[in-house]
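In: model this:
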Amino acid sequence: MKKGFTTRSLHVRFPKDDPHRALDMPVYESVAFEFDSAEDIAANFRGELPAHVYSRASNPTVEFFELKMKNLTEAHGALAVASGMSAISNTILALCKTGDNIISGHHLFAHSYSLMDQSLRNYGLETRFVDTTDAAAVETLVDENTRAIYFETVTNPQLEIANIKKLAGIAQKYNLILIADSTLTPPVVFNSKAFGVNIEVMSTTKFISGGATSFGGVILDNGNFDWSLNPNLIEVSEKFGRDAFIARLRKNYYRNTGGAMTAHTAHYQIMGLDMLELRLERAYENCMQLGAYLSNHSKVKKVCYPGLKDSENYLLAAQQFEGKPGSIMTFDLESEEACFAFMNKLEIIRRATNLNDNKTLIIHPWSTIYVEFSEEQRREMKINPTSMRLSVGIEAASDLIEDIEKALA
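Out: Next comes the predicted model:
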């Protein structure tokens, strides 16, 4: 019988026995690692003797975090990186070259959108933005130079949900790689492999870090794509087979761009994984109570949380994320001025820009995260001046409701 998520997280075995029999993985804050002989280090550089050499390439504490992520997600391979943005950029660079294109959801986190629309475009990589909730529209954009379909499991802050199995069907039909950014739906509620996702990327800064303790990201290869079908991985596939994608990252883009996770960060994230299920459950319960309260408040014009039964995305959230689509919700007041006045009166809820902290955080996306975009672009991305994004934490729901009630008075 399969053990529960928290049980599995707590009891992942170390790759090697600790000489002092520590119950928690030690923090190996060392740059370099010694070999017994010149022959051994030469064998390692030839790829014949696996071992840690230099922490920018691999590190024992980071390796254990990767092992835990593999265990909890049932992925074939995992690579921990410095941030969620590093996970996205490394993945796309490893899969594509100049002249290629990817198809992406058009409602993305602002920095993800900017990466694809500006940074990658400058190097000849085209991103074709589309509504990924419309599978037919996605398919019309595929051509011989398309390499991947990229989407967010729950868009931020629009909170839209695509039918993942439909996207997977298109990807399989055209031998494309399906990439899911699952930052808002961590592995305790979402098994990406079961829905046909090939690569999963996430910002572990969010849910997994354990409450905003550290920056991090992870790339997961589900082992369900034949890498010889990607023109840019044919050669590496011949040498590494199922490990081709992670090998290409480790031996090229990840190693050469320097986006490594530190040992101390890995330590925080290991601890965060052990408490993830408990924190997410509490945050979800708070979302449901806050959603019910806000939906019945006369000053609140609109509430959006896919876990609420009146949400248009409720059924997909139930099918794909066990009915617990993260802990982000949005709500609207009558004007931008009303939003600012409300936020300035809050005492428990913090005005800050992170997601999935233990503390409940609020932000006005129109005037902050998306301020670099034109008004027309913001409206096209469904960013409205009357909306606020609430990242719901693990405080007592009654205290959060009281704080909101006073601020709305």
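In: could you check how far A137 is from C96?
Out: Using CB to CB, to the nearest Å, A137 is found at 21 Å from C96. The C-beta positions use only the backbone N, C-alpha and C, and glycine is treated the same way.
In: these two: who's more crowded?
Out: The neighbour comparison of A137 against C96 (other CB atoms under 10 Å) goes to C96, with 24 against 12.
In: now that one: how far from A43?
Out: From C96 across to A43, the span is 33 Å (CB to CB).
In: again with E63
Out: Distance, E63 to A43, using CB to CB: 19 Å.
In: quick one, which of these two is more surrounded?
Out: Higher neighbour count among E63 and A43: E63, with 20 against 15, using other CB under 10 Å.
In: please give me every residue in contact with that one.
Out: P15, H52 (CB atoms under 8 Å, 6 or more residues apart in numbering).
In: swap in 10 Å and give it another go.
Out: By CB atoms under 10 Å, 6 or more residues apart in numbering, the contact set of E63 is F14, P15, K16, M25, Y28, H52, A78, A80, A263, A266.
In: narrow those to those in strands?
Out: Among those, DSSP state E puts A78, A80 in strands.
In: and what about T127, helix, strand or coil?
Out: For T127, the secondary structure call by DSSP: H, G, I helix; E, B strand; the rest coil comes out as strand.
In: count of neighbours near the residue nearest to it when sequence neighbours are not counted?
Out: Spatial nearest neighbour of T127, chain neighbours left out: M116 (3.9 Å); criterion: CB to CB, 6 or more residues apart in numbering. Neighbours of M116 under the rule other CB under 10 Å: 22.
In: cool, and N163?
Out: N163 has 16 neighbours, counted by other CB under 10 Å.
In: just D274 next, same as before
Out: 17.
In: chain center to the helix or strand where it lies, what's the gap?
Out: D274 is part of helix 263-295, with elements assigned from DSSP states H and E. From the chain centre to the centre of helix 263-295 is a distance of 14 Å (CA atoms, centre = their mean, to the nearest Å).
In: so which elements touch that helix?
Out: helix 5-10, helix 60-73, strand 77-81, strand 302-304, strand 328-332, strand 387-391, helix 397-408 (3 or more CB pairs under 10 Å, 6 or more residues apart in numbering; DSSP states H and E).
In: one more time with 8 Å, if that's ok
Out: Judged by 3 or more CB pairs under 8 Å, 6 or more residues apart in numbering; DSSP states H and E, helix 263-295 is in contact with helix 5-10, helix 60-73, strand 302-304, strand 328-332, helix 397-408.
In: what angle sits between it and helix 397-408?
Out: 60 degrees (axes from the mean of the first three to the mean of the last three CA atoms, to 10 degrees).
In: if you count neighbours, what's buried in helix 263-295?
Out: By neighbour count on 16 or more other CB atoms under 10 Å, the buried set for helix 263-295 is 263, 265-277, 279-280, 282-284, 286-288, 290-291, 293-294.
In: ok, now stretch 345-358?
Out: Of the residues in stretch 345-358, those buried under the neighbour-count criterion (16+ other CB under 10 Å) are L346, I348, I349, R350, N354, L355, N356, D357, N358.
In: for the fourth one, list each beta-bridge partner.
Out: Which is R350. With DSSP bridges applied, R350 shows beta-bridge pairing to L361.
In: might you report the residue contacts of it?
Out: K359, T360, L361, I362.
In: and for L390?
Out: L290, I328, M329, T330, F331, I349, T360, L361, I362.
In: before we move on, back to that, for L220, which of the helices and strands packed on helix 263-295 is the nearest?
Out: Closest to L220 of the helices and strands packed on helix 263-295 is helix 60-73 (CB to CB; 5.6 Å).
In: with only the CA atoms kept, save that closest one in CSV.
Out: Output of helix 60-73 as CSV, limited to C-alpha atoms (Å, rounded to 0.1, in the frame of the first residue of the first chain):
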residue,chain,number,x,y,z
PRO,A,60,25.3,16.2,-1.4
THR,A,61,22.6,18.3,0.4
VAL,A,62,21.2,19.5,-2.9
GLU,A,63,21.3,15.9,-4.2
PHE,A,64,19.1,14.8,-1.3
PHE,A,65,16.6,17.5,-2.0
GLU,A,66,16.4,16.3,-5.6
LEU,A,67,16.0,12.7,-4.4
LYS,A,68,13.1,13.7,-2.2
MET,A,69,11.4,15.6,-5.1
LYS,A,70,11.8,12.5,-7.3
ASN,A,71,10.4,10.3,-4.6
LEU,A,72,7.4,12.5,-3.9
THR,A,73,6.5,13.3,-7.6
